[in-house]
Structures are given as structure tokens and as C-alpha cells.
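>>> Here is a sequence together with a model predicted from it:
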Amino acid sequence: MSTITANGELGRVTGFYSSVVGKKVVMAVTGFILFGFILVHMLANLQVFLPVTAAGVPPLDAYAEHLRALPPLLWGTRVVLLVAVILHILAAVQLWWLNKFEARKRGYVKYEPIASNYASRTMIWSGPIIFFYVIYHLLDFTFGVVNPGYVPGHVLRNVVASFQHPVVAGFYIVANICLAFHLYHGIWSMCQTVGLSHPRYTPWLKRASVVFAIVIGVGFCSVPIAVLAGLVR
């Protein structure tokens with residue numbers, strides 16, 4: 001009986017995900033998880049601007065050491081993020097393909113992106129850019145493979161060693177601008193998916209999406225810019 005019940009539940013979940021609505025809900029939920037992580041990660045990065053402690057330890061290094069001292073939290077977060085990223089990308093690709101397939105079936109006399117904006121029309125491009133940016137970011141600061149001055153445990157030193165190269169810093173700045181565009185449309189789409197759409201507060205939600213995207217973009221870009229300008233050493 002339990003096996004039949006489990007199979008029935010699995011069938012309902014699979015059937016829900018196979019629909020367009022199901023894929024959008026998965027994107028909304030995973031997007032919310034990723035947005036939360038991005039916000040926390042940005043706030044943590046801004047510790048590069050804080051003065052060194054009395055013990056001579058940069059606050060960013062101390063923060064990283066606290067995380068390493070909590071393996072269940074660190075690895076639990078990594079597993080949740082990995083699952084969220086995989087599901088988010090999978091749902092996004094499938095929705096893009098479904099939209100493209102439906103467009104072919106209907107056929108366009110002339111394509112006009114009605115009720116869309118630059119951010120929404122470039123989601124399919126900003127997504128892969130962000131994906132490769134994340135991979136490079138991990139190779140740079142987590143594994144130290146592409147960081148010429150990488151020293152395990154010395155996060156601030158690694159940040160400066162990487163961003164003092166204009167090409168690397170420029171890549172991070174461009175990638176984070178793409179991230180800001182992606183977040184703007186993603187947050188707005190998430191609000192619509194979960195039903196937060198009403199003539200009274202829809203304009204406020206749009207403004208909040210813009211503000212959040214700008215804050216994230218400026219916050220992340222400020223670090224490589226500050227290193228290039230010599231404000232962070």
C-alpha cells in the first residue's frame with residue numbers, strides 16, 4: 001500500500017513539473033533560494049571595506065574561518081545551492097525550448113517583443129554567462145586554480161591578487177552587470193508566478209525589483225573596482 005501511495009505521489013509531482021506552470025514554480029522557488037544566497041554573499045564580500053581587527057585579522061578572513069568551523073552548515077548550504085542551481089537551469093532550458101517550439105508552431109509574420117524588456121529578452125544569454133562566471137569564481141577563490149596569488153585561508157589576499165589584474169576585474173564587473181539584469185527580470189517573474197500581481201502594488205514590485213538588482217550589481221562590482229583603484233589592499 002505504501003509503495004502504491006509513494007508511486008502516486010511521485011506521479012503527481014512528475015505530472016505537475018511536466019506542465020509549464022510547474023516549471024515556472026520550480027524556477028520561482030529555486031530562484032528565491034539563489035537570490036537569498038546572492039544577497040548574503042554580497043554582504044559578506046563587502047567586508048573587504050572593513051578595517052582589520054585588533055588581532056590583525058581581516059574581517060573577511062574571520063568570516064570565512066567561522067564558516068569552515070561549521071561543516072554541517074557549510075556543506076548543507078552547498079548541497080542546497082547545487083540542487084537549486086541544477087533545477088533552476090533545467091527548468092529554464094525546458095521553458096525556453098517550449099516557448100521556441102510553440103513559436104515555431106504558430107509562426108511569426110514579424111516578431112515584436114511586446115510587453116518585454118531588454119532584461120527579459122536576454123535571459124537566455126545572461127544565464128549561461130552567469131553559469132560560467134560561477135565556475136570561474138569557484139576556480140578562482142575556492143580552489144585557487146586560476147588565482148596567481150592564492151593562499152588557502154587568506155581570503156582578502158586572494159581577492160586582491162585576483163582583482164588587481166584588469167582583465168579579471170573587468171570580467172567580474174561585466175558578469176555582475178549581467179547578474180543584475182538577470183535578477184531584475186527573475187524577481188519580477190517570480191512575483192508573477194506566485195500570484196503577487198495586482199494593479200495596486202504591481203508598480204511597487206517592479207521598482208523593488210529594480211532597486212534590488214541595482215544594489216546587488218553595485219555591491220558586487222564595488223569590490224573589483226576598489227581593488228583596481230587601490231582602495232583595498
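Cool, got the structure. All of these numbers come straight from a predicted model, not from anything done at the bench.
>>> ok, and the helix or strand in this protein with the lowest average confidence?
helix 118-121 (a mean of 48; mean pLDDT, DSSP states H and E).
>>> tell me what whichever helix or strand comes after it is packed against?
Sequence-wise, the next helix or strand downstream of helix 118-121 (DSSP states H and E) is helix 123-137. Applying 3 or more C-beta pairs under 8 Å, 6 or more residues apart in numbering; DSSP states H and E, we find helix 123-137 packed against helix 71-106, helix 166-193. Every residue, glycine included, has its C-beta placed from N, CA and C.
>>> Any stretches of this structure with poor pLDDT?
1-15, 101-124, 194-198 (pLDDT under 70).
>>> can you list contacts of stretch 135-148?
Stretch 135-148 is contacted from outside by 150, 152, 155, 158-159, 161-162, 165, 168, 171, using C-beta atoms under 8 Å, 6 or more residues apart in numbering.
>>> cutoff 7 Å now
Applying C-beta atoms under 7 Å, 6 or more residues apart in numbering, the contact partners of stretch 135-148 are 150, 158, 161-162.
>>> wait, which of these is closest to residue 202?
Lowest distance from residue 202 to the contacts of stretch 135-148 (C-beta to C-beta) belongs to residue 162, with 40.8 Å.
>>> pretty sure the closest one contacts residue 168?
Yes. Using C-beta atoms under 7 Å, residue 162 is in contact with residue 168, at 5.5 Å.
>>> Touching both of the two, which residues are there?
Counting by C-beta under 7 Å, 6+ apart, nothing touches both residue 162 and residue 168.
>>> Output the helices and strands packed on helix 123-137 in TSV; the columns should cover distance to residue 125.
Converted to TSV, the helices and strands packed on helix 123-137 look like this (distance: least, C-beta to C-beta, whole Å):
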stretch	distance to residue 125
helix 71-106	11
helix 166-193	8
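>>> most packed of these?
Most buried of the helices and strands packed on helix 123-137 by mean neighbour count (mean count of other C-beta atoms under 10 Å) is helix 166-193; its value is a mean of 19.
>>> following that one, which helix or strand shows up next?
Sequence-wise, the next helix or strand downstream of helix 166-193 (DSSP H and E) is helix 202-228.
>>> any idea how far that following helix is from the chain center?
The chain centre lies 13 Å from the centre of helix 202-228; the measure is C-alpha atoms, centre = their mean, to the nearest Å.
>>> Can you report how many residues neighbour the nearest residue to residue 184 once chain neighbours are set aside?
Leaving out its chain neighbours, the residue that sits closest to residue 184 by C-beta to C-beta, 6 or more residues apart in numbering is residue 213, at 3.8 Å. Counted with other C-beta atoms under 10 Å, the neighbours of residue 213 add up to 22.
>>> before we move on, the earlier item: quick check, nearest of the contacts of stretch 135-148 to residue 27?
Distances from residue 27 to the contacts of stretch 135-148, taken by C-beta to C-beta, are shortest for residue 162, at 31.2 Å.
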